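Colleague: Just the structure for this:
(one chain, ligands or ions: 3)
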Amino acid sequence: MESGTGLISEKQCTHHHPDAAIQQESSPHWSVKEIGVLLDLPFSDLIFQAQTVHRQYHDANGVQLSTLLSVKTGGCSEDCAYCPQAARYHTGVENQSILSREEVVAAATKAKESGATRFCMGAAWRGPKQRDIEHMTGLISAVKDLGLETCATLGILKPGQAAQLKEAGLDYYNHNLDTSPEFYGEIITTREYQSRLDTLEEVRGSNINVCCGGIVGMGESRTARAGLIAQLANLNPYPESVPINYLVQVEGTPLYGTPELDPFEFVRTIAAARITMPKAKVRLSAGRRQMPEAIQALCFLAGANSIFYGDKLLTTGNPDTEQDAALLKKLGLHAL
Ligand code: SAM
Ligand code: DTB
Ligand code: SF4
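Modeller: Numbering: from 1, shown residues only. Ligands and ions are numbered 1, 2, ... in the order given. Model prediction:
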């Protein structure tokens, strides 16, 4: 990769494997080291490269808007160190059993009226049971009937579950790798990295679009951020949607009090995602409420072209829609 010139051609794959041509077409192989080189570039060189790639593949001023709804909140059995919904941490999140079809339709209708095009339903489960899948299929088809794209994030999927969700009209499934394989054990011990890759295979195998990203600001190194991006970029094919979350520190979680990461590191991570996954929608995800507008603008410049839109993420706050509409207007960005 030429550094500093900003002249990008799709990365050449150097593998001599018989499938190399296919691999290159859908997902050129990136090493952690190469992504580390990108992250180490002078900031302006990195942003220029990302912006150049962005303009080759996307409407430079378009932003996709997704609204989140927690359809089942709190009481989760897992130990994800960032998560306010894990039962074992005392975060003040109130448990809420699964919402009814009427409640979800009301929230989705409001999201559509506000301008969202995708509605993402999250559940605090290790993974869904068969009766949960049956309830979710009802929610998915009801949201789909409103003319919205549907997304769900329900945890680990067992064989056959993704097919049922697809059948109900699910367009995207979100399942994050969260961080690099090496740092992962510091954050989660109740499920393996491999289980995440297996769920992503289930989703891919059922022809559901993959939404997969991670979290930045958990005390990881720059190399760990490169490791996360390498994992994502080397999925074959890479995800259609890549949410990059900036850790929302919630009191009571083990990661509360983690030294704040310099926001430029977050912007760099967005740029590396854009360069390595040129066709993906890269989402500037959690953490925007804590982020100055100027940093958000840098994220758009670095190739982010999707946001969570609506007053709430799952349990924590997000900028309100009026504020976001004003920000998009100021920056001359339009909804996709
Ligand atoms: N329980 C399911 C699972 O873990 O797959 C689905 C919901 S879970 C809350 C979805 C994702 O939200 C996590 O993988 C993580 O990337 C993100 N997330 C959770 N808490 C967060 C926080 N405090 N800050 C940033 N991202 C967070
Ligand atoms: C994703 O990558 N980020 C969203 C969504 N996928 C499900 C979740 C962010 C959660 C932030 C903490 C909370 O609100 O509970
Ligand atoms: Fe449970 Fe998901 Fe939170 Fe982990 S991230 S504790 S699996 S809700």
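Colleague: Now do the buried residues in the top strand by length along the chain.
Modeller: Longest strand of the chain, by residue count under DSSP state E: strand 62-72. Residues of strand 62-72 classed as buried by neighbour count (16 or more other CB atoms under 10 Å): 63, 64, 65, 66, 67, 68, 69, 70, 71, 72. Placement of C-beta: from N, CA and C, glycine included.
Colleague: Which strands or helices does that strand pack on?
Modeller: When contacts are defined as 3 or more CB pairs under 8 Å, 6 or more residues apart in numbering; DSSP states H and E, strand 62-72 packs onto helix 101-114, strand 118-123, helix 130-145, strand 281-284, strand 306-308, strand 334-335.
Colleague: is ligand 1 contacted by the longest one?
Modeller: No - for a cut-off given as CB under 6 Å from any ligand atom, helix 130-145 has no contacts with ligand 1; the smallest distance is 11.6 Å.
Colleague: Could you figure out how far that helix is turned away from strand 118-123?
Modeller: 160 degrees (axes from the mean of the first three to the mean of the last three CA atoms, to 10 degrees).
Colleague: and for helix 130-145, what are the contacting residues?
Modeller: Residues outside helix 130-145 that contact it (CB atoms under 8 Å, 6 or more residues apart in numbering): 71-72, 98-99, 101, 104-105, 108, 119, 121, 123, 125, 128, 150, 152, 154, 161, 164-165, 167-171.
Colleague: can you pull the contacts of the residue nearest to residue 123 when sequence neighbours are not counted?
Modeller: Setting aside the residues directly before and after it, residue 123 is nearest to residue 72 in space (CB to CB, 6 or more residues apart in numbering), at 4.0 Å. By CB under 8 Å, 6+ apart, the residues touching residue 72 are 96, 97, 98, 99, 122, 123, 124, 125, 132.
Colleague: what separates residue 72 from residue 29, distance-wise?
Modeller: 38 Å (CB to CB, to the nearest Å).
Colleague: Around ligand 2, which positions in the stretch 51-200 of the chain sit nearby?
Modeller: 68, 84, 122, 153, 174, 176.
Colleague: tally of neighbours for the third one?
Modeller: Looking back up the chat, that one is residue 122. 21 (other CB atoms under 10 Å).
Colleague: The fourth one too?
Modeller: Neighbours of residue 153 under the rule other CB under 10 Å: 21.
Colleague: dump the residue contacts of the nearest residue to it once chain neighbours are set aside.
Modeller: In this structure, residue 153 finds its nearest non-sequential neighbour in residue 174, 3.8 Å apart by CB to CB, 6+ apart. Counting by CB under 8 Å, 6+ apart, residue 174 touches 120, 122, 151, 152, 153, 211, 212, 241, 243.
Colleague: Look at residue 147 and tell me its secondary structure.
Modeller: Assigned by DSSP: H, G, I helix; E, B strand; the rest coil, the conformation of residue 147 is coil.
Colleague: neighbours of it, just the number please.
Modeller: Neighbour count of residue 147, defined by other CB under 10 Å: 9.
Colleague: likewise residue 329?
Modeller: Neighbour tally, residue 329, other CB under 10 Å: 10.
Colleague: Residue 46 now?
Modeller: So residue 46, with other CB under 10 Å, has 24 neighbours.
Colleague: cool, and residue 178?
Modeller: Counted by other CB under 10 Å, the residues lying close to residue 178 total 23.
Colleague: Now it: phi and psi?
Modeller: phi 70, psi -50 (degrees, to the nearest 10).
Colleague: for it, which residues make a bridge with it?
Modeller: residue 214 (DSSP bridges).
Colleague: Can you give me every residue that contacts residue 33?
Modeller: residue 226.
Colleague: secondary structure class for it?
Modeller: Strictly by three-state DSSP, residue 33 counts as helix.
Colleague: Residue 96 and residue 80, how far apart?
Modeller: Residue 96 is 18 Å from residue 80, by CB to CB.
Colleague: returning to what we had before: could the helices and strands packed on strand 62-72 be laid out in CSV, adding mean pLDDT and distance to residue 40?
Modeller: What follows is the helices and strands packed on strand 62-72, written out as CSV (pLDDT from 0 to 100; distance: least, CB to CB, whole Å):
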stretch, mean pLDDT, distance to residue 40
helix 101-114, 97, 39
strand 118-123, 98, 33
helix 130-145, 98, 42
strand 281-284, 98, 20
strand 306-308, 98, 26
strand 334-335, 97, 34
